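In: Need a 3D model of the following:
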Amino acid sequence: MSKVLPGVMTLTTDFGYRDHYVGAMKGVVASLAPGVQVFDITHDVPSFDVAEGAFAIAQAWRSYPDGTVHVVVVDPGVGSSRAPIAAAAGRHFFVAPDNGVLSQVLESVATSSVRRVETRHGLAEISRTFHGRDLFAPVAARLAAGLKFEDVGPSMAEPVRLSPVAVAAGIGAVLHVDRFGNVVTSFRPEDLADGSGLEVGGRVVGLRADSYADVPEGEPFLILGSCGYVEISLNRGSAAAWLQARAGARVALARLRSG
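Out: This next block holds a predicted model:
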(Lines give C-alpha, C1' and ligand atoms only; values in the text may rest on other atoms or scores of the structure.)
Protein backbone atom coordinates (compact mmCIF):
# COMPACT_ATOMS: atom_id res chain seq x y z
CA MET A 1 0.00 0.00 0.00
CA SER A 2 1.48 3.35 -1.02
CA LYS A 3 1.41 6.60 0.85
CA VAL A 4 -0.75 9.45 -0.43
CA LEU A 5 0.31 12.64 1.32
CA PRO A 6 3.61 12.17 3.16
CA GLY A 7 4.97 14.42 5.83
CA VAL A 8 2.31 14.50 8.57
CA MET A 9 2.51 12.69 11.92
CA THR A 10 0.44 12.66 15.10
CA LEU A 11 1.30 11.59 18.63
CA THR A 12 -1.10 10.06 21.16
CA THR A 13 0.40 8.95 24.48
CA ASP A 14 -0.09 8.67 28.23
CA PHE A 15 3.21 10.52 28.83
CA GLY A 16 1.85 13.89 29.94
CA TYR A 17 4.12 16.94 29.74
CA ARG A 18 5.90 16.88 33.11
CA ASP A 19 8.73 14.70 31.84
CA HIS A 20 10.93 14.79 28.77
CA TYR A 21 9.26 11.94 26.91
CA VAL A 22 7.17 13.83 24.36
CA GLY A 23 9.99 16.27 23.63
CA ALA A 24 12.44 13.41 23.08
CA MET A 25 10.11 11.73 20.59
CA LYS A 26 9.71 14.96 18.65
CA GLY A 27 13.48 15.42 18.66
CA VAL A 28 13.95 12.01 17.04
CA VAL A 29 11.44 12.88 14.34
CA ALA A 30 13.13 16.24 13.70
CA SER A 31 16.49 14.48 13.37
CA LEU A 32 15.35 11.70 11.05
CA ALA A 33 12.69 13.54 9.01
CA PRO A 34 13.06 17.30 9.51
CA GLY A 35 10.35 18.17 6.99
CA VAL A 36 7.64 16.19 8.74
CA GLN A 37 4.93 18.10 10.60
CA VAL A 38 4.11 16.65 14.02
CA PHE A 39 0.76 17.22 15.72
CA ASP A 40 -0.29 16.26 19.25
CA ILE A 41 -3.65 14.54 19.60
CA THR A 42 -3.29 14.09 23.35
CA HIS A 43 -0.69 13.14 25.94
CA ASP A 44 -3.23 12.96 28.76
CA VAL A 45 -4.46 9.41 28.26
CA PRO A 46 -4.68 7.98 31.81
CA SER A 47 -1.52 6.07 32.62
CA PHE A 48 -1.53 2.49 31.29
CA ASP A 49 -5.15 2.81 30.08
CA VAL A 50 -5.05 1.08 26.70
CA ALA A 51 -8.83 1.34 26.21
CA GLU A 52 -8.76 5.12 26.68
CA GLY A 53 -5.87 5.36 24.23
CA ALA A 54 -7.87 3.33 21.72
CA PHE A 55 -10.82 5.69 22.18
CA ALA A 56 -8.68 8.82 21.75
CA ILE A 57 -7.04 7.86 18.48
CA ALA A 58 -10.32 6.50 17.09
CA GLN A 59 -11.99 9.89 17.54
CA ALA A 60 -9.20 11.95 15.95
CA TRP A 61 -7.42 10.15 13.14
CA ARG A 62 -9.97 10.89 10.39
CA SER A 63 -9.47 14.63 10.94
CA TYR A 64 -6.02 14.38 9.35
CA PRO A 65 -5.13 14.08 5.65
CA ASP A 66 -4.67 10.78 3.86
CA GLY A 67 -1.17 9.42 4.36
CA THR A 68 -0.82 10.70 7.93
CA VAL A 69 1.25 8.49 10.23
CA HIS A 70 -0.22 8.17 13.73
CA VAL A 71 1.98 7.10 16.65
CA VAL A 72 0.02 5.70 19.61
CA VAL A 73 2.04 4.87 22.72
CA VAL A 74 0.09 3.60 25.70
CA ASP A 75 2.40 0.76 26.48
CA PRO A 76 2.36 -0.90 29.92
CA GLY A 77 4.06 -3.92 28.33
CA VAL A 78 7.09 -2.01 27.06
CA GLY A 79 10.22 -4.18 27.10
CA SER A 80 8.23 -7.42 27.23
CA SER A 81 7.47 -9.91 24.46
CA ARG A 82 4.58 -7.78 23.09
CA ALA A 83 5.20 -6.93 19.46
CA PRO A 84 5.66 -3.47 17.92
CA ILE A 85 3.29 -3.12 14.98
CA ALA A 86 2.39 -0.85 12.09
CA ALA A 87 -1.02 -0.79 10.46
CA ALA A 88 -2.37 0.60 7.23
CA ALA A 89 -6.06 1.47 7.51
CA GLY A 90 -8.34 3.97 5.82
CA ARG A 91 -5.43 5.43 3.78
CA HIS A 92 -3.63 6.27 7.04
CA PHE A 93 -0.78 4.57 8.88
CA PHE A 94 -0.43 3.68 12.57
CA VAL A 95 2.56 2.68 14.68
CA ALA A 96 1.88 1.26 18.14
CA PRO A 97 2.44 -1.62 20.55
CA ASP A 98 0.41 -4.73 19.84
CA ASN A 99 -1.79 -4.48 22.92
CA GLY A 100 -5.18 -3.53 21.49
CA VAL A 101 -4.65 0.23 21.38
CA LEU A 102 -5.54 0.24 17.67
CA SER A 103 -8.70 -1.86 18.17
CA GLN A 104 -11.28 0.85 17.50
CA VAL A 105 -9.41 2.16 14.46
CA LEU A 106 -9.18 -1.29 12.89
CA GLU A 107 -12.83 -2.04 13.68
CA SER A 108 -13.92 1.16 11.92
CA VAL A 109 -12.48 0.34 8.48
CA ALA A 110 -13.48 -2.27 5.93
CA THR A 111 -9.94 -3.48 5.24
CA SER A 112 -6.59 -3.09 6.96
CA SER A 113 -3.09 -4.52 6.89
CA VAL A 114 -0.88 -5.07 9.93
CA ARG A 115 2.86 -5.73 10.01
CA ARG A 116 5.28 -6.52 12.80
CA VAL A 117 7.85 -3.73 12.98
CA GLU A 118 11.46 -4.83 12.58
CA THR A 119 13.74 -3.22 15.14
CA ARG A 120 16.27 -2.31 12.44
CA HIS A 121 14.04 0.68 11.67
CA GLY A 122 14.54 2.04 15.20
CA LEU A 123 17.49 3.82 16.74
CA ALA A 124 20.84 2.07 17.00
CA GLU A 125 20.25 1.45 20.69
CA ILE A 126 16.73 0.57 21.85
CA SER A 127 16.05 0.83 25.56
CA ARG A 128 13.76 -1.57 27.42
CA THR A 129 11.65 1.28 28.84
CA PHE A 130 11.21 3.91 26.11
CA HIS A 131 10.13 2.40 22.80
CA GLY A 132 8.22 5.61 22.04
CA ARG A 133 11.54 7.37 21.45
CA ASP A 134 13.71 4.48 20.32
CA LEU A 135 11.38 2.51 18.04
CA PHE A 136 7.91 3.94 17.39
CA ALA A 137 8.97 7.52 16.65
CA PRO A 138 11.82 6.48 14.30
CA VAL A 139 9.62 4.03 12.38
CA ALA A 140 6.86 6.61 12.04
CA ALA A 141 9.34 9.29 10.95
CA ARG A 142 10.73 6.99 8.27
CA LEU A 143 7.21 6.16 7.06
CA ALA A 144 6.31 9.83 6.91
CA ALA A 145 9.51 10.53 4.99
CA GLY A 146 8.82 7.85 2.38
CA LEU A 147 9.59 4.36 3.74
CA LYS A 148 7.20 1.92 2.08
CA PHE A 149 4.74 0.32 4.47
CA GLU A 150 5.57 -3.11 3.03
CA ASP A 151 9.21 -2.65 4.12
CA VAL A 152 8.37 -2.09 7.81
CA GLY A 153 8.35 -5.82 8.55
CA PRO A 154 6.52 -9.09 7.96
CA SER A 155 2.75 -9.30 7.71
CA MET A 156 0.77 -10.31 10.81
CA ALA A 157 -2.40 -12.38 10.68
CA GLU A 158 -4.23 -10.72 13.55
CA PRO A 159 -3.15 -8.11 16.11
CA VAL A 160 -4.39 -8.06 19.70
CA ARG A 161 -7.94 -6.73 19.93
CA LEU A 162 -9.77 -5.33 22.93
CA SER A 163 -13.28 -6.65 23.46
CA PRO A 164 -15.64 -4.17 21.81
CA VAL A 165 -17.93 -2.23 24.13
CA ALA A 166 -21.39 -2.77 22.70
CA VAL A 167 -24.93 -2.31 23.95
CA ALA A 168 -26.53 -5.69 24.64
CA ALA A 169 -29.87 -6.31 26.33
CA GLY A 170 -30.04 -2.64 27.25
CA ILE A 171 -26.66 -2.64 29.01
CA GLY A 172 -23.65 -0.60 27.92
CA ALA A 173 -20.73 1.20 29.51
CA VAL A 174 -19.01 4.55 29.94
CA LEU A 175 -16.44 4.86 27.17
CA HIS A 176 -14.81 8.11 28.27
CA VAL A 177 -15.13 11.07 30.59
CA ASP A 178 -13.84 14.33 29.14
CA ARG A 179 -12.30 17.22 31.07
CA PHE A 180 -15.70 18.93 31.35
CA GLY A 181 -17.17 15.88 33.08
CA ASN A 182 -19.28 14.82 30.11
CA VAL A 183 -19.91 11.07 30.29
CA VAL A 184 -19.59 9.42 26.88
CA THR A 185 -21.64 6.21 26.84
CA SER A 186 -21.59 3.32 24.38
CA PHE A 187 -25.23 4.05 23.46
CA ARG A 188 -26.09 5.38 20.03
CA PRO A 189 -29.22 7.52 19.49
CA GLU A 190 -31.04 4.58 17.91
CA ASP A 191 -30.52 2.56 21.13
CA LEU A 192 -32.83 4.90 23.05
CA ALA A 193 -36.51 4.54 22.31
CA ASP A 194 -39.03 7.22 23.22
CA GLY A 195 -39.76 7.22 26.92
CA SER A 196 -36.38 5.81 27.89
CA GLY A 197 -33.34 7.23 29.62
CA LEU A 198 -29.99 6.05 30.94
CA GLU A 199 -29.15 4.85 34.43
CA VAL A 200 -25.71 5.05 36.00
CA GLY A 201 -25.07 4.18 39.63
CA GLY A 202 -28.76 4.28 40.50
CA ARG A 203 -29.40 7.69 38.95
CA VAL A 204 -31.58 7.94 35.86
CA VAL A 205 -31.25 10.73 33.30
CA GLY A 206 -34.04 11.12 30.77
CA LEU A 207 -34.11 14.78 29.75
CA ARG A 208 -32.82 15.23 26.21
CA ALA A 209 -31.36 18.40 24.70
CA ASP A 210 -29.75 19.55 21.47
CA SER A 211 -27.29 21.91 23.16
CA TYR A 212 -25.91 22.60 26.63
CA ALA A 213 -27.68 25.96 26.76
CA ASP A 214 -31.07 24.33 26.25
CA VAL A 215 -31.28 23.23 29.89
CA PRO A 216 -31.00 25.14 33.18
CA GLU A 217 -27.60 25.36 34.85
CA GLY A 218 -26.92 22.29 36.99
CA GLU A 219 -29.51 20.13 35.19
CA PRO A 220 -28.39 16.67 33.94
CA PHE A 221 -29.45 15.69 30.45
CA LEU A 222 -28.69 13.47 27.46
CA ILE A 223 -27.09 14.88 24.32
CA LEU A 224 -25.69 13.47 21.10
CA GLY A 225 -21.98 14.18 21.33
CA SER A 226 -19.49 14.87 18.57
CA CYS A 227 -18.24 11.25 18.70
CA GLY A 228 -21.65 9.95 17.67
CA TYR A 229 -22.49 8.51 21.10
CA VAL A 230 -25.12 9.60 23.62
CA GLU A 231 -23.48 11.59 26.39
CA ILE A 232 -24.72 12.41 29.88
CA SER A 233 -23.96 16.03 30.61
CA LEU A 234 -24.59 18.61 33.31
CA ASN A 235 -24.95 22.22 32.23
CA ARG A 236 -22.03 24.20 33.73
CA GLY A 237 -21.05 21.21 35.84
CA SER A 238 -19.56 17.71 35.85
CA ALA A 239 -21.97 14.89 35.12
CA ALA A 240 -19.22 12.44 35.98
CA ALA A 241 -18.86 13.87 39.47
CA TRP A 242 -22.64 13.94 39.94
CA LEU A 243 -22.92 10.31 38.85
CA GLN A 244 -19.62 9.26 40.44
CA ALA A 245 -18.87 7.59 37.13
CA ARG A 246 -15.67 6.84 35.28
CA ALA A 247 -14.68 4.93 32.15
CA GLY A 248 -15.88 1.35 32.28
CA ALA A 249 -18.85 2.04 34.55
CA ARG A 250 -22.11 0.22 33.77
CA VAL A 251 -24.80 2.16 31.89
CA ALA A 252 -28.31 0.73 31.59
CA LEU A 253 -31.37 1.60 29.56
CA ALA A 254 -34.16 2.73 31.88
CA ARG A 255 -37.85 3.33 31.33
CA LEU A 256 -38.97 6.75 32.48
CA ARG A 257 -41.91 7.13 34.77
CA SER A 258 -44.94 8.71 33.13
CA GLY A 259 -46.87 11.53 34.67
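
In: helix or strand for the residue nearest to the spatial centre of the chain, which one?
Out: Closest to where the C-alpha atoms of the chain average out (CA atoms, centre = their mean) is A56, at 2.5 Å. Per DSSP states H and E, A56 falls inside helix 50-60.

In: Next SSE downstream of that helix?
Out: Next along from helix 50-60, by DSSP H and E: strand 69-73.

In: ok, now which ones touch the nearest residue to F55 once chain neighbours are set aside?
Out: Counting by CB to CB, 6 or more residues apart in numbering, F55 lies nearest to H176, which is 5.1 Å off, once chain neighbours are set aside. All C-beta atoms are positioned from the backbone trio N, CA, C, and that covers glycine. Contact partners of H176, counting by CB atoms under 8 Å, 6 or more residues apart in numbering, are E52, F55, V184, C227, A247.

In: The fourth one: neighbouring residues, count only.
Out: Summarising burial for C227: neighbours were counted as other CB atoms under 10 Å, giving 14.

In: I'd assumed V204 was in a helix, is it?
Out: No. Counting by DSSP: H, G, I helix; E, B strand; the rest coil, V204 is not part of a helix but strand.

In: so how far is V251 from it?
Out: Counting by CB to CB, to the nearest Å, the separation of V204 from V251 is 11 Å.

In: quick one: which of the two has more around it?
Out: For V204 versus V251, the count of surrounding residues by other CB under 10 Å is larger for V251: 25 against 16.

In: residues in contact with H20?
Out: So H20 contacts nothing (CB under 8 Å, 6+ apart).

In: per-residue confidence for it?
Out: pLDDT recorded at H20 is 98.

In: ok, now V167?
Out: With respect to pLDDT, V167 has a value of 86.

In: close enough to count as contact, it and S186?
Out: Yes. In this structure V167 lies within contact range of S186 using CB atoms under 8 Å: 5.7 Å.

In: any idea where the helices of the stretch 1-150 of the chain begin and end?
Out: Applying DSSP state H, counting those that start in this stretch to the stretch 1-150 of the chain gives helices spanning 21-32, 50-60, 103-107, 131, 137-144.

In: Check the ones you listed for me and report the most buried one.
Out: Highest mean neighbour count among the helices of the stretch 1-150 of the chain (mean count of other CB atoms under 10 Å): helix 137-144, with a mean of 27.

In: Does anything pack onto that one? Which helices or strands?
Out: On a contact count with 3 or more CB pairs under 8 Å, 6 or more residues apart in numbering; DSSP states H and E, helix 137-144 meets strand 8-13, helix 21-32, strand 69-73, strand 84-89, strand 92-97.

In: try it again with 6 Å
Out: helix 21-32, strand 69-73, strand 92-97 (3 or more CB pairs under 6 Å, 6 or more residues apart in numbering; DSSP states H and E).

In: contacts for that helix?
Out: By CB atoms under 6 Å, 6 or more residues apart in numbering, the residues outside helix 137-144 that reach it are 6-7, 9, 25, 28-29, 32-33, 36, 69, 71, 93, 95, 117, 121-123.
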